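Chemist: sequence and predicted structure below; questions after.
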Amino acid sequence: MKDIQSIQEELIDEFSLFDDWMERYEHMISLGKNLPLIDPSLKTDDKLIKGCQSKVWLHSELKDGKVVFTADSDAIITKGIVAILVRVFSNQKPEDIVEADTKFIDEIGLKEHLSPTRANGLVSMLKQMKLYAVAYQAQLKQ
Amino acid sequence: MAFNIESIRADFPILQRQVNGKPLVYLDNAATSQKPQLVIDAIVDYYSNYNANIHRGVHSLSQEATDRYEEARQKIRQHFNIAKAHEVIFTSGTTHGINLVANGFATILGQGDEVIVSALEHHSNIVPWQMLCEKTGAELKVIPMTQEGTLDMAAYSALLSGNTKLVFVNHISNALGTINPIEDIIFKAHQVGAAVLIDGAQACSHIKPDLQALNVDFYVTSAHKMCGPTGVGILYGKEEWLNKLPPYQGGGEMIAEVSFEKTTYADLPHKFEAGTPNICGGIAFGTAIDYLNQIGFHAIEKHEHELLEYATKELLKIEGLKIYGTGTEKTSVISFNLEGIHPYDVGTILDKMGIAVRTGHHCAQPIMTFFNIPGTVRASLAFYNTKEEVDALVAGVRKAQQMLR
């Protein structure tokens, strides 16, 4: 399994192929469409991330010392963002997730989605993923 | 004055700017309107030349500021055809006005009384009444809406009774653009002795209500939807009602005499204008009203109606596009969705193309629940919008559909 850093670099390379926002968005949308589906029974209100105009469900579990994220959204652009985050952070060790920086989002041209005033909740999504990782980290230390 | 769209657009500096590398197409006018240079100048002029606190200074500057503020009140009185200037209460905006009336009715209502609101309301027009009913034991009743997004007037008549004390309806729905039959609503409420408050926030940029002819008891609106600044609005109340209601906030300006034993409240309108008001905002509101009247509401209505018809016709050519709010009486607001596509996605793509629309539930969740949708894309047009901008919207929506499906 690749580490967070190399997945981020891979994404930066991937997005650098595109000349304009439209191509970037189209790519993001296709990533969203290819996001492995979350188990429908996990799409419950307690898995909803607050602060999104669209609905985002995020589920996590710990498997062999690594955090596995599955997620979904009812809006396709948001789902694309979710797919990118899942690709970067899923199947990683809790401490790596906690310590990871997220500058790659700037570099792939999705900076505007990081603004806390955007209603897509990217910031809340990231925060929630890190919170899960912190919780698992504590659990593993016990 | 002839309606010249080019010269009108030149009055608004912001319309010249670019967003995301594209010329701004501003279609979020129901959220707030843009400001003409005249209004911006009035704000600068106030702070540059005669900023002073009003109603209390003996010095000339204070007198000048007071005169200009009171002139603005007169302009507002004339514009809305209000009988007396002291029936115009300056507020911080529509929500403030609604809360002021709701607070006043807390001393009037009791068990067994009923308050009626419509299903087409903005949150700000529902929450204060829920709080009021919780406090007083009165019951909240809701006028249902039809599939066209209009009020069910037969149901309204059935809700009215001798127990009805207050009816609250918006003049125009912010989410759908429906113009409500407020003449009829007011007339029927008065037949059972109930008072009526109309929320005119969405209406006053499109039409010029004659409040005496409407015979309405209370009417509230905000300056910022009418080319004026944010943070200022008015509550109109009939004198007899304003005298009946207790003051909303305590503070300076609203008192006649104060001792620790008893305070005598000031006369109208000062009784409801505690503290230093938004002086600059009030004056610039007056300027905005002058500006709108200079263009003329007949011309504004005509242009907006043409834009609405054109935009509706063009948008409906897009396969899978559904418009919510299809009543015959509506203003230039189009709330829509593309089949199988989330409104948020459409709004995001439009933004990348420099087109500003609103997406979401528009602070009117009960309406979205009624239609069983997460929200809509709302394009709201103003008199300074053009057919070319409608074309840009339609092209943008088509592009979004192509990308998102």
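Modeler: Okay, I see it.
Chemist: give me the below-cutoff pLDDT ranges for the chain.
Modeler: No chain was given, so I picked chain A. Along chain A, the parts satisfying pLDDT under 70 run over A:51-52, A:113-121.
Chemist: not quite, I wanted chain B
Modeler: For chain B (pLDDT under 70), the answer is B:1, B:124, B:251-253, B:255, B:263, B:363.
Chemist: could you pull out the helices for the chain?
Modeler: With no chain named, the answer covers chain A. A:4-16, A:21-33, A:76-89, A:94-99, A:104-107, A:122-141 (DSSP state H).
Chemist: sorry, should have said chain B
Modeler: With DSSP H as the criterion, chain B has helices at B:5-10, B:37-45, B:60-79, B:94-105, B:127-136, B:153-159, B:182-191, B:211-214, B:239-244, B:279-295, B:297-316, B:343-352, B:365-371, B:387-404.
Chemist: so which bits of the fourth one are buried?
Modeler: I take that to be helix B:94-105. Buried positions in helix B:94-105, judged by neighbour count with 16 or more other Cβ atoms under 10 Å in any protein chain shown: B:94, B:95, B:96, B:97, B:98, B:99, B:100, B:101, B:102, B:103, B:104, B:105. Yep, even glycine has a C-beta here, placed from its N, CA and C like the rest.
Chemist: go through the residues you listed and name the one nearest chain A.
Modeler: Distances from chain A to those, taken as Cβ to the nearest Cβ, are shortest for residue B:95 (20.6 Å).
Chemist: thinking again about what came up before, adding distance to chain A, write the helices of chain B out as CSV.
Modeler: Putting these into CSV (distance: least, Cβ to the nearest Cβ, whole Å) gives the following:
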stretch, distance to chain A
helix B:5-10, 27
helix B:37-45, 24
helix B:60-79, 33
helix B:94-105, 21
helix B:127-136, 20
helix B:153-159, 32
helix B:182-191, 31
helix B:211-214, 36
helix B:239-244, 39
helix B:279-295, 24
helix B:297-316, 20
helix B:343-352, 5
helix B:365-371, 12
helix B:387-404, 6
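Chemist: shouldn't residue B:276 be in contact with residue B:53?
Modeler: Yes: Residue B:276 is in contact with residue B:53 according to Cβ atoms under 8 Å; the separation is 5.8 Å.
Chemist: re the thing from before, got the helices of chain A as a markdown table, with distance to residue B:146 and mean neighbour count columns?
Modeler: Output for those, formatted as a markdown table (distance: least, Cβ to Cβ, whole Å; neighbours: other Cβ atoms under 10 Å in any protein chain shown):
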| stretch | distance to residue B:146 | mean neighbour count |
| --- | --- | --- |
| helix A:4-16 | 48 | 15 |
| helix A:21-33 | 36 | 17 |
| helix A:76-89 | 32 | 24 |
| helix A:94-99 | 51 | 17 |
| helix A:104-107 | 45 | 17 |
| helix A:122-141 | 37 | 17 |
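Chemist: mind putting the ones you listed into CSV with distance to residue B:296?
Modeler: Formatted as CSV, the helices of chain A follow (distance: least, Cβ to Cβ, whole Å):
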stretch, distance to residue B:296
helix A:4-16, 51
helix A:21-33, 41
helix A:76-89, 42
helix A:94-99, 61
helix A:104-107, 49
helix A:122-141, 46
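Chemist: TSV for these, including distance to chain B?
Modeler: Below are the helices of chain A laid out as TSV (distance: least, Cβ to the nearest Cβ, whole Å):
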stretch	distance to chain B
helix A:4-16	15
helix A:21-33	5
helix A:76-89	5
helix A:94-99	27
helix A:104-107	16
helix A:122-141	12
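Chemist: of those, which is nearest residue B:12?
Modeler: helix A:21-33 (26.6 Å; Cβ to Cβ).
Chemist: quick one, that closest one and helix B:343-352 angle?
Modeler: 160 degrees (axes from the mean of the first three to the mean of the last three Cα atoms, to 10 degrees).
Chemist: helix B:387-404 and helix A:21-33, what's the angle between them?
Modeler: Using the same axes, to 10 degrees: helix A:21-33 against helix B:387-404 is 40 degrees.
Chemist: export helix A:21-33 as PDB, just CAs?
Modeler: Provided in PDB are the C-alpha atoms of helix A:21-33 (Å, rounded to 0.1, in the frame of the first residue of the first chain):
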ATOM      1  CA  TRP A  21     -11.300  24.000 -14.500                       C
ATOM      2  CA  MET A  22     -13.800  22.200 -16.600                       C
ATOM      3  CA  GLU A  23     -11.400  19.300 -17.200                       C
ATOM      4  CA  ARG A  24     -10.500  19.200 -13.600                       C
ATOM      5  CA  TYR A  25     -14.100  19.100 -12.500                       C
ATOM      6  CA  GLU A  26     -14.900  16.400 -15.100                       C
ATOM      7  CA  HIS A  27     -12.100  14.300 -13.700                       C
ATOM      8  CA  MET A  28     -13.300  14.900 -10.100                       C
ATOM      9  CA  ILE A  29     -16.800  13.900 -11.100                       C
ATOM     10  CA  SER A  30     -15.600  10.700 -12.700                       C
ATOM     11  CA  LEU A  31     -13.600   9.900  -9.500                       C
ATOM     12  CA  GLY A  32     -16.800  10.400  -7.600                       C
ATOM     13  CA  LYS A  33     -18.700   8.100  -9.900                       C
END
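Chemist: gap between the residue in chain B that chain A sits nearest to and residue B:75?
Modeler: As assessed by Cβ to the nearest Cβ, chain A sits closest to residue B:342 within chain B, at 3.6 Å. Residue B:342 sits at a distance of 44 Å from residue B:75 (criterion: Cβ to Cβ, to the nearest Å).
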